[in-house]
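**Student:** Need a 3D model of the following:
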Amino acid sequence: MYTLALQTNSAPLVDIGASVVLWTVLGLYLAGDLYWIYEMLWYGIRYRPPARQYGARDAQVRILTVNNESVVRETVRRLPDSFDERYVIAEEPMDVPGADVRVVPDDFECNATNKGRALEWARQTLSCDREFVLYLDEDSHLLEFGGFPDADIVQFNEHPRRTTSLLAYLCEINRIGFQIEQRAFPSLKIPLYAWGGGIAIRKSVEDEITWDYPTVIEDTVFVWRVFSSLGRSATLTFVPDRISNQSPPSIPAMFRQRRRWIAGSREDNDLLSLDRILMYGIRDLSWSVTGVIPILALLAFLPGIDVFFGRLYAVASVVLLGFMYVWIVIGLLRYRPPAKIAVAVVVLAPLTTVLHSLGALWGLVSTPDTFEVTAKVDDESQFDEAYTTPQGEAPTEQP
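**Tutor:** Okay, here's the model as predicted:
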């Protein structure tokens with residue numbers, strides 16, 4: 001009799017607890033989706049890139065690396081000849097034809113660390129009389145270039161290419177669909193993030209803001225600091241010119257990369273206003289719980305658990321899970337991969353969506369102690385589906 005009574009009394013508590021957890025997680029996911037929809041419908045769809053007023057000779061190119069000589073050589077080889085001032089900023093000496101290699105000295109000190117330290121050393125050391133500094137990662141291949149608009153920050157279009165992990169590559173295509181929201185960033189009070197693998201910064205703005213700030217997400221934090229310091233006078237544009245970069249070489253490497261992204265944004269969001277901090281917090285939580293949404297959706301259908309408004313919850317969870325295909329379709333339309341890759345993206349979408357979020361969940365619960373650069377592989381492989389520019393040729397600068 002006592003056991004039966006205990007089970008009877010505990011059942012409502014289980015239902016209450018399950019309902020609170022399930023509806024809270026679903027609410028966070030819904031909030032993140034709604035903000036993305038708002039960005040795209042209100043700003044992104046209407047965005048048109050401004051006219052290009054500057055060309056390649058108005059920019060100094062700086063390519064950041066640690067010691068990946070073969071990878072950097074390919075990046076430099078693919079640059080148009082019209083970019084006539086090229087620097088490789090490295091941690092160790094290397095030979096890169098077509099570029100001036102500068103090594104960050106061991107005794108250089110500043111507040112910034114890791115990549116930020118190299119960026120700040122280059123800013124202080126390299127003479128530059130050009131309007132812009134174009135920053136590329138060691139694996140950034142310029143596929144298209146039509147010039148620079150008149151803006152403080154010019155964000156180029158990321159175009160991942162496959163390396164050694166097919167799953168990580170498929171996850172990147174999914175992410176590119178979501179990342180179309182960058183079209184809305186020029187209209188926001190503060191852009192949400194930046195991709196440093198292809199970004200041009202007005203030299204005068206770089207010198208005013210500097211890179212001398214300790215963070216593990218240098219590019220995003222730099223953009224936040226620009227808009228926090230300059231206010232509404234700061235300008236950012238997004239251009240559709242594609243810059244190809246390597247997808248992570250493995251799933252664990254992708255987890256560590258996502259972990260660093262989300263942990264860095266949470267550590268440095270004190271640069272933002274309270275409304276931005278709350279919005280970022282909801283978005284981070286929304287991204288992080290994506291991986292457990294399928295599991296929690298199934299829990300609602302298990303016998304013995306009576307979720308409050310269970311039928312509504314079931315419908316809402318299925319609709320939200322289906323919304324991931326919106327980003328999948330956008331990613332495919334932007335990327336236009338070969339048919340076999342497109343089929344894999346669609347079929348494996350539930351798995352890749354979960355994998356994409358697990359690194360964010362890891363960063364939410366555990367901040368990395370050290371900075372870890374995502375490993376790169378030699379590009380001389382059979383995986384070349386991402387290119388529309390013929391292998392070995394540099395892109396032609398558009399008029």
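**Student:** and the gap between Pro240 and Arg52?
**Tutor:** Distance, Pro240 to Arg52, by CB to CB, to the nearest Å: 12 Å. Where you see a C-beta, it was placed from the backbone N, CA and C, and this is true even at glycine.
**Student:** between the two, who's got more neighbours?
**Tutor:** Looking at Pro240 and Arg52 with other CB atoms under 10 Å, you find the greater number of neighbours at Arg52, namely 18 against 11.
**Student:** ok, what's across the strand from the more buried one?
**Tutor:** Pro149 (DSSP bridges).
**Student:** Next one, pLDDT for it please.
**Tutor:** Per-residue pLDDT puts Arg52 at 96.
**Student:** same question, Val326
**Tutor:** Taking Val326 on its own, its pLDDT is 89.
**Student:** Likewise for Ser381?
**Tutor:** Listed pLDDT for Ser381 reads 49.
**Student:** Please apply the same query to Pro80.
**Tutor:** As predicted, Pro80 sits at a pLDDT of 94.
**Student:** can you tell me how far it sits from Tyr313?
**Tutor:** 54 Å.
**Student:** gap between Trp23 and Glu109?
**Tutor:** 51 Å.
**Student:** ok, these two, which is more surrounded?
**Tutor:** Remark: of Trp23 and Glu109, Trp23 carries more neighbours, 19 against 9, as counted by other CB under 10 Å.
**Student:** Now for the more buried one: which residues touch it?
**Tutor:** Applying CB atoms under 8 Å, 6 or more residues apart in numbering, one finds that Trp23 lies in contact with Val307, Phe308, Tyr313.
**Student:** Looking at those residues, spot the one nearest Leu134.
**Tutor:** Among the contacts of Trp23, Tyr313 lies closest to Leu134 (CB to CB), at 48.9 Å.
**Student:** in what helix or strand does that closest one lie?
**Tutor:** Per DSSP states H and E, Tyr313 falls inside helix 310-335.
**Student:** now what about the very next helix or strand once past that helix, what contacts it?
**Tutor:** Downstream of helix 310-335, the next assigned helix or strand under DSSP H and E is helix 339-347. For helix 339-347, the external contacting residues (CB under 8 Å, 6+ apart) are Leu166, Tyr169, Leu170, Ile173, Asn174, Tyr325, Ile328, Gly331, Leu332, Pro337, Thr352, Glu385.
**Student:** Need these in JSON lines (columns: distance to Ala122 and neighbour count).
**Tutor:** Formatted as JSON lines, these follow (distance: CB to CB, whole Å; neighbours: other CB atoms under 10 Å):
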{"residue": "Leu166", "distance to Ala122": "36", "neighbour count": "14"}
{"residue": "Tyr169", "distance to Ala122": "31", "neighbour count": "26"}
{"residue": "Leu170", "distance to Ala122": "35", "neighbour count": "27"}
{"residue": "Ile173", "distance to Ala122": "32", "neighbour count": "25"}
{"residue": "Asn174", "distance to Ala122": "34", "neighbour count": "24"}
{"residue": "Tyr325", "distance to Ala122": "42", "neighbour count": "16"}
{"residue": "Ile328", "distance to Ala122": "38", "neighbour count": "22"}
{"residue": "Gly331", "distance to Ala122": "33", "neighbour count": "24"}
{"residue": "Leu332", "distance to Ala122": "37", "neighbour count": "19"}
{"residue": "Pro337", "distance to Ala122": "35", "neighbour count": "18"}
{"residue": "Thr352", "distance to Ala122": "36", "neighbour count": "23"}
{"residue": "Glu385", "distance to Ala122": "33", "neighbour count": "14"}
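**Student:** In those, find the pair that's most separated.
**Tutor:** Once CB to CB is applied, the contacts of helix 339-347 give Tyr325 and Glu385 as the farthest pair, at 21.5 Å.
**Student:** quick one: contacts for Thr374?
**Tutor:** Thr374 neighbours (CB under 8 Å, 6+ apart): Pro248, Pro249, Ala253, Arg256, Gln257.
**Student:** Excluding chain neighbours, give the residue nearest to the residue nearest the centre of the chain in space.
**Tutor:** Computing the C-alpha centroid of the chain and ranking residues by CA atoms, centre = their mean puts Trp195 first, at 5.7 Å. Closest residue to Trp195 apart from its sequence neighbours, by CB to CB, 6 or more residues apart in numbering: Glu158 at 5.1 Å.
**Student:** For the spatially closest residue to Pro191 that is not a sequence neighbour, which three-state class applies?
**Tutor:** Of all residues not flanking Pro191 in the chain, Phe185 sits nearest, at 3.9 Å (CB to CB, 6+ apart). Per DSSP: H, G, I helix; E, B strand; the rest coil, the local secondary structure of Phe185 is helix.
**Student:** Could you count how many residues lie near Phe185?
**Tutor:** Neighbour number of Phe185 under other CB under 10 Å is 22.
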